[in-house]
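Enquirer: How does the following fold in three dimensions:
(3 chains)
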Amino acid sequence: MIRNVDIVRPRDLEQALDMRAELGEQGLPVAGGTDVIVELRGQRISGKTLVDLSRVEALKGITEGDDGILVGALTTHEEASGSALLLDRATALAQACGEVGSLQIRNRGTLGGNVANASPCADGLTALIGLAGIALVASTTGEREVSVEDLIERPYRTGLGPDEIIVGFRIPRSAAGARSHFVKLGRRDALAISRINAACLIETDGATVSACQLAVGSVMPRTERVREAEAAVEGAPASGETARLAGEAVSRRMIEMSGVRWSTPYKEPAVGAVVKRAVLGAMGLGDETTGAGLI
Amino acid sequence: MSGKKDNGRYAVGLTVNGARRDVVVQAGETLLDLLRRHLRLTGTKCGCEVGECGACTVVLDGKAVNSCMVLAVQADSCNVTTIEGLADADGLHPLQEAFLEVGAVQCGFCTPGMLMSAWAVLQENPGPTRAEVTRAIAGNLCRCTGYQMVVDAIMQAAKKPD
Amino acid sequence: MSPKKRRFSRTWLLGRPETRVDGLAKVTGEARFAGDMDESDQLYGAVLRSLHPHARVLSVVTHEAVAVPGVVAVLTADDIPGSPLVGGVIRDQPVLVTDRVRFLGDGIALVAAETEEAAQDAVERIGVEYETLPVVDDPREALEAESPLVHDDGNEVVHHVVRHGDPDAAFAKAESIYERSFTTPRIEHSYIEPEAVIARPVAGGGVEVIGSIQNLFSTRRALASVLGVALNRVTVRHAVIGGSFGGKDDVMTIMACRAALLARRCGRPVKMVNTREESMLESYKRHPYFLDYRVGLDGEGNPVAMRIRAVADAGAYASTSPFVTYRSVVQAAGPYRCPNVWTDLYAAYTNNPYTGAMRGFGSPQVNFAVEGLVDEIAEDRGIDPLSYRLQLAYKEGDVTPTGQVLGGHVVSLPEVLNKVGEPSGFVDKWWRYRAARSAPKAFRRGIGLACSYRGVALGAEGVDAAAAMVQVQSDGSVLVSSGITDMGQGAQTAISQCAAEVLGVRMDQVGFLDTDTSRIPDSGPTVASRGTIMGGSAAAEAARRVGRRMLDVASEITGYSAGDLILREGGVWRSRVGRRLQPLYLSFEELAGECFNRGRSLAALGWFNAPPTSWKEDRGQGIAYFTYVYGANVAEVVVDTETGRVRVEEFWAAHDVGKAVNRQGVTGQIHGGVAMGMGYGLYEEFEVEEGKPKALNFDEYLIATAMDVPKMHAIVVENPDPAGSFGQKSLGEPANEIAAPAIVNAIANATGRRIRDIPAGLERVLLGRKLTRSGPRGSEAARETSCKTGRGHT
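Expert: Have a look, this model is predicted:
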């Protein structure tokens, strides 16, 4: 039971955008509810009006377009984790969604919600950023595209305007033979909040890495691509040593960004290991090295 | 179709265990509140209200969900199955029989949610592996059994014709 | 009934995996837990709790709360007619505080209202003026002379000693000496059902209370005292209880008293249900311990001297701390021969959440320490930990540090050790994994062992007796009741089985009545794994009394001597035809009807007194417990040495239960105990900083999920004990008390690193130490910080 809230239930996107525009800061979009309900439950007076997007068909579905895969904002984590298209073409995203919470949470929680909530530990968010995903954002005044990475401003804060709704995400088409991989470290095997997560996409040219995208979550103020590490990998041989160097580069970047903190003695080596495994997985070298399933 | 009533109250119509139910709820009430407070279906338990323990698990349009994480108005026009709907006139569901036979029940507080998670996975996948069953109940915390006999029971029930 | 002659088997249905008597209602959703119950005219109760872990309460202003629509009553401590203080051992805990709060869970005022929302609204409108006091948050500092006081008569709750032999002289001659310190965490019981209660006023100033209450008789004593009425004016019953593990005792007593006060004031039933946050904030925890061990060894590696000092954090109130630490002081040296042992066990008040009974009751802490230490010594001496333990382990006739000679029962420590050692391939794997840890691999395997001995039931803590009632109806159906509570562990089933065994009836002929304090004598608390031995033995005794009367009637009918007849398989048999049973065509149903027609009483009360124990407090010597159980666990783990992640893959647990009454129940207890012990070893810590809990729900307080638990092998060892009716002893707590050290020893086997502070989380496994966010600790820092509301108050 949440106290002192109201709710509106738009039937379609147009109505949803109208309601969003009308309510402004007082409105709070809700889809699966797995973050919003927890958040509001602890509040004595929220005064919010929930804009329930769950009936808006335009926000559903996973389809392949000319410029990539379109993933509707209402796509649940479970749908994403079982999507043949994503498993094939955006593996890291399917893997990340499959690692979220529990089946009950995955059945409700949506990718749009995962991004809009902007938790620094969100699994889907790391994968979307690692895959260079683009958020498709709409309001009554029009649509815009913004990279998911740029949409996140700081923990629990996005650049979404009070009249905007995330419609979905576009994952750009990657080169044939590109592969992506997601790795999560939690304290237990289910219902775990990521202590560290990483998503990596790699294209190879023969035995050499020709392109690398690498996003890391839970260790920096916001989830982001680590360009220094990507640069260290690009042009290098697809090998365990390259993966190790990528991990070290991320650890260095983490300390640059956050300074040496109470958690650094642990996170420095552990981030290196998680990143190394994400890179190895994206190189297709994962199985024998990472001891699949342990973390 | 849900409709707004006075004082922030909403009319919700849904199917619960095969029967059409019409309920007037508040905007902030959850499906768990709807089931326990309004319909007096107390087999669904409230353990944490943050979607972690799984004691409130019901099956909503074929999917296992934490009913504490679903707003009651969002369940409008939906089909809900709770623990009270598992047995039928012919007797216990094979899952219920297996839980009793194998010894998957101790204090019983997690049992309704555990059974609904099990039921949902068997609906989708009648011949699951042990790993699939374990994954399906990973969102149902149990402090008594250590889970092993719960998984044993679900595997035993999966072998029986429904 | 079969007309064929049958081979006489020693038991009828004892030891069989009988289905739980409460199982059917639990799989259909019909089982009614306290939160599922409602009375038509009930009010909802809510509690205003403290905003500060330590403060003087200067004023409480309630008029705004009283004015909230729907509010019927707002109460403070001034409204308590009887004693405002409760406490099973030391009466130090207020139902509502008068002038001082000592931890964040303390209650200041109560509200009863027509709806839950109105009650909550009103609670938030009560104004409290505080004057904060320095926070005591470290029990070791609490014992120092200059520490601020949590209670005016001093911070020491208890100091138990054991003085056996002369350790100082023996240390002087010891070949080698080990000094090691260990810490164990405060943990939450994590029953999945939060606390709930309904109190209903009854004529004569009394109440009827039903709730998720573990120890009905102690709750009744408190209710009578708080309301200022006689015990016979108060009835306490339990609903179906959703787990307890020692946890639904004092916290339920307080909750029942609060609901009762509101119900008496309003003249209407009052229901109270805790949210998970309220539950975690207010309920007591398992004691954190700080343990220092010093062990001297002779040339063969045998311990010749031990000095042990441990300090337990009692938190704000004494609760069962004096008894918890009693068990610790008795068992601290582990199940190993040592002629010179001096132990000092302290419990100290702090402003942390109070601590009390939790599954294990003072044993998990000392077992973690001593099992880690013994394991380390074995490795240092180049002996595998199994062989080393077999060298030191108690055998019949050995003397414990309390001067008790182990005997009168099978001292089965070597047996349980071998029964986990062999199927797990312990010795071979231990050497192999140890050798493999020099290889540069991220993932390393390890195998670990731990064992224990444990005193059965309450021991010299207090009076140990229990009652059960057996009533045979005229149609041959049977009703059993007892003063032992079923919290999920299966007491009703096991106790029913003991009665059915004696009467020779099937389990489906037996019904079990939920415990009701007005209908069964005070049987003491359902704690200390005493349910099956105490309640089961009392039920067997009651059934024997009824059975004898029934056989007298059978003798009258058949002409055979009653001594030649036996009740078995739902009827009467002749027992002395060779070794075979001779059937008589007289069913139990017919016999019951005949007894009824002849005016014979078919109801009897059974009373079981535990064998005597003794204790000399000044030197800690005596027969601490009337008998002991023995257990051994082996854990096999994989450690990710790059992240510190540990996966427990397989687990073997052997426990001597005396006699398994219900084999399925035994297996379930072992599995659940292992999973809980695994959480203790790897995940669980109820962290508190300056009196404030860091997490109050299952999103941050982590217990094992289905995906975390290992494949478990429950190995049941049976050496019937003369004390129990059928030789049964204890299991619930033994099953939980050595999983953590087995796992941590396995981590050491995999990595070569000894972890002496649990939980062995990612950081400890990777770095060998814990990382904490906290700045300067202790009372100095606390003085500078003003506390804010914790989540869960509202």
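
Enquirer: make it CA atoms for all contacts and neighbour counts henceforth
Expert: Fine.

Enquirer: Sheet-wise, list the partners of the host helix or strand of residue C:207 with their directions.
Expert: Following DSSP states H and E, one finds residue C:207 within strand C:206-211. When sheet partners are counted by DSSP bridges, strand C:206-211 sits next to strand C:196-202 (antiparallel), strand C:234-238 (parallel).

Enquirer: so how far is chain B from residue C:458?
Expert: Distance, residue C:458 to chain B, by C-alpha to the nearest C-alpha, to the nearest Å: 23 Å.

Enquirer: Hmm, I typed the wrong one, I wanted residue A:31.
Expert: 9 Å.

Enquirer: Identify the residues contacting that residue.
Expert: A:52-54, A:74, A:109-110, A:113 (C-alpha atoms under 8 Å, 6 or more residues apart in numbering or on different chains).

Enquirer: how about 10 Å then?
Expert: A:50-56, A:73-76, A:108-113, B:70-71, B:74 (C-alpha atoms under 10 Å, 6 or more residues apart in numbering or on different chains).

Enquirer: Now intersect these with the strands, please.
Expert: A:50-52 (DSSP state E).

Enquirer: got a list of what residue C:204 touches?
Expert: Per C-alpha under 10 Å, 6+ apart, neighbours of residue C:204: C:229-230, C:233-234.

Enquirer: Neighbours of the residue of chain C at minimum distance from chain A, how many?
Expert: Residue nearest to chain A within chain C: residue C:643 (4.9 Å; C-alpha to the nearest C-alpha). Per other C-alpha atoms under 10 Å in any protein chain shown, the neighbour tally for residue C:643 reads 26.

Enquirer: coming back round to it: adding distance to residue B:146, write the strands paired with strand C:206-211 out as CSV.
Expert: Output for the strands paired with strand C:206-211, formatted as CSV (distance: least, C-alpha to C-alpha, whole Å):
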stretch, distance to residue B:146
strand C:196-202, 24
strand C:234-238, 25
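
Enquirer: Show me where chain B has its helices.
Expert: With DSSP state H applied, chain B shows helices at B:31-33, B:94-102, B:111-124, B:130-136, B:148-159, listed in chain order.

Enquirer: Can you tell me what sits against the shortest one?
Expert: When you say that, I think you mean helix B:31-33. In contact with helix B:31-33 (C-alpha under 10 Å, 6+ apart) are residues A:1, B:25-26, B:37-42, B:44-46, B:49, B:56-58, B:60, B:66-76, B:80.

Enquirer: from those residues, which are also near chain C?
Expert: Here is what survives when the contacts of helix B:31-33 are matched to chain C using C-alpha under 10 Å from any C-alpha of the partner chain: A:1, B:37, B:40-42, B:44-46, B:49.

Enquirer: At the geometric centre of chain B, which residue do we find?
Expert: residue B:58 (2.2 Å; C-alpha atoms, centre = their mean).

Enquirer: Quick check: that one touching residue B:44?
Expert: Yes - counting by C-alpha atoms under 10 Å, residue B:58 does reach residue B:44; the two are 7.4 Å apart.

Enquirer: quick one: common contacting residues for the two?
Expert: The contact lists of residue B:58 and residue B:44 share B:32, B:35, B:67, B:82-83, B:112-113, B:116, where a contact means C-alpha under 10 Å, 6+ apart.

Enquirer: Residue of chain B closest to chain C, please.
Expert: Closest point on chain B to chain C, by C-alpha to the nearest C-alpha, is residue B:107, at 3.3 Å.

Enquirer: mind listing the helices for the stretch 51-200 of chain A?
Expert: A:77-82, A:84-89, A:91-98, A:103-108, A:111-117, A:123-130, A:148-151 (DSSP state H, counting those that start in this stretch).

Enquirer: Sorry, slip of the keys, the one I care about is the stretch 451-600 of chain C.
Expert: Going by DSSP H, counting those that start in this stretch, the stretch 451-600 of chain C shows helices at C:491-503, C:536-558, C:588-597.

Enquirer: Highest mean neighbour count out of those?
Expert: Among the helices of the stretch 451-600 of chain C, ranked by average contacts under mean count of other C-alpha atoms under 10 Å in any protein chain shown, first place goes to helix C:491-503 (a mean of 28).

Enquirer: tell me how far that helix is from the chain's mean position?
Expert: Computed by C-alpha atoms, centre = their mean, to the nearest Å, the chain-centroid distance of helix C:491-503 equals 22 Å.

Enquirer: so which of the shared contacts of residue B:58 and residue B:44 is the most crowded?
Expert: residue B:113 (34 neighbours).

Enquirer: So, low pLDDT: which residues of the chain?
Expert: Assuming you mean chain A. Counting by pLDDT under 70, the ranges of chain A that qualify are A:44-45, A:287-295.

Enquirer: nope, chain C please
Expert: Looking at chain C by pLDDT under 70, you get C:1-9, C:576-581, C:773-794.

Enquirer: Where do the domain boundaries of chain B fall?
Expert: For chain B, automatic domain parsing gives the domain ranges B:3-83, B:94-159.

Enquirer: With distance to residue C:749 and mean pLDDT added, can I get the ones you listed in JSON lines?
Expert: Shown next, in JSON lines, are those (distance: least, C-alpha to C-alpha, whole Å; pLDDT from 0 to 100):
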{"stretch": "domain B:3-83", "distance to residue C:749": "34", "mean pLDDT": "95"}
{"stretch": "domain B:94-159", "distance to residue C:749": "25", "mean pLDDT": "97"}
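
Enquirer: Distance to residue C:748 for these - can I get that in a markdown table?
Expert: Formatted as a markdown table, these follow (distance: least, C-alpha to C-alpha, whole Å):
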| stretch | distance to residue C:748 |
| --- | --- |
| domain B:3-83 | 32 |
| domain B:94-159 | 24 |
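
Enquirer: Highest mean neighbour count out of those domains?
Expert: Scoring the domains of chain B by mean count of other C-alpha under 10 Å, the most buried comes out as domain B:94-159, with a mean of 24.

Enquirer: for that domain, how far is the first residue from the last?
Expert: 10 Å (C-alpha to C-alpha, to the nearest Å).

Enquirer: So it, near chain A or not?
Expert: Yes - remark: domain B:94-159 sits within contact range of chain A at B:117, B:121, B:135-141, by C-alpha under 10 Å from any C-alpha.

Enquirer: next one: stretch C:689-700
Expert: Yes - with C-alpha under 10 Å from any C-alpha as the measure, stretch C:689-700 is seen reaching chain A through C:698-700.

Enquirer: which of those tops the neighbour count?
Expert: Ranking those using other C-alpha under 10 Å puts residue C:698 first, with 22 neighbours.

Enquirer: what about that residue, which SS state?
Expert: When classified by DSSP: H, G, I helix; E, B strand; the rest coil, residue C:698 comes out as coil.

Enquirer: Can you give me every residue that contacts the closest residue to it other than its chain neighbours?
Expert: Nearest non-adjacent residue to residue C:698, counting by C-alpha to C-alpha, 6 or more residues apart in numbering or on different chains: residue B:52, 6.0 Å away. Applying C-alpha under 10 Å, 6+ apart to residue B:52 gives the contacts A:101-102, A:104-105, A:191-192, B:66, B:68-69, B:138-141, C:697-700, C:702.

Enquirer: What segments of the stretch 251-400 of chain C are strands?
Expert: C:270-273, C:289-297, C:303-315, C:341-349 (DSSP state E, counting those that start in this stretch).

Enquirer: So which bits of the stretch 201-350 of chain C are right by chain B?
Expert: C:240-245, C:274-277, C:279.

Enquirer: if we can go back for a sec, so what's the residue nearest to the centre of chain B closest to, chain neighbours aside?
Expert: residue B:82 (5.2 Å).

Enquirer: Quick check: the one you found touching residue B:66?
Expert: No - here residue B:82 does not reach residue B:66: they are 11.4 Å apart, not a contact under C-alpha under 10 Å.

Enquirer: Please identify every residue contacting each of the two.
Expert: By C-alpha under 10 Å, 6+ apart, the residues touching both residue B:82 and residue B:66 are B:56-60, B:113.

Enquirer: Pick out the most distant pair among these.
Expert: For the shared contacts of residue B:82 and residue B:66, the farthest-apart pair by C-alpha to C-alpha is B:60 and B:113; their separation is 12.7 Å.

Enquirer: Residues that sit against both of the two, list them.
Expert: B:66-67, B:82.
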